[in-house]
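Colleague: got a predicted model here, sequence first, then my questions.
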Amino acid sequence: MFTWHGNIRGPVGTKWEKGVFHFEMNIPHDYPCSPPELKLFSPIPHPNVFGTTICLDMLDSKKN
C-alpha cells in the first residue's frame with residue numbers, strides 16, 4: 001500500500017511524446033510530514049533528471 005508503480009506517457013507535441021516512463025513511488029509512514037520517494041526506471045533526457053532521481057524541491061526530504 002505504501003509502494004506504487006506507475007507509467008506516465010510523454011506529453012503530445014514534445015520530444016517525449018512517444019515515451020512511456022516507469023517509476024516507483026514509496027510513501028513514508030509519516031506522510032504528509034515527509035515527502036514520497038520517487039525512483040525512475042526509464043531514462044528521461046531532461047535537465048532536472050539525474051539517473052534515477054528527479055531534482056524537485058517538494059521531493060527533497062532534507063528541505064521539509
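Modeller: Structure received.

Colleague: what's near enough to touch the residue most central in space within the chain?
Modeller: The chain has Leu38 as the residue nearest its centroid, 4.3 Å off, counting by CA atoms, centre = their mean. Contacts for Leu38 (CB atoms under 8 Å, 6 or more residues apart in numbering) come out as Phe23, Glu24, Met25, Thr53, Ile54, Leu59. No exception for glycine: its C-beta is placed from N, CA and C like everyone else's.

Colleague: quick check: bridge partners of it?
Modeller: Legend: beta-bridge partners of Leu38 under DSSP bridges are Met25.

Colleague: mean pLDDT per helix and strand in this structure: which one sits at the bottom?
Modeller: Using mean pLDDT, DSSP states H and E, strand 53-54 stands out as the lowest-scoring helix or strand of the chain, at a mean of 91.

Colleague: which residue, other than its chain neighbours, is closest to Ile8?
Modeller: If you skip the residues right next to it in sequence, Ile8 has Phe21 as its closest partner in space, 5.0 Å away by CB to CB, 6 or more residues apart in numbering.

Colleague: if we can go back for a sec, and the residue nearest to the centre of the chain, what pLDDT?
Modeller: On pLDDT, Leu38 comes in at 94.

Colleague: before we move on, the earlier item: of the contacts of Leu38, which is the nearest to Trp4?
Modeller: Met25 (4.7 Å; CB to CB).
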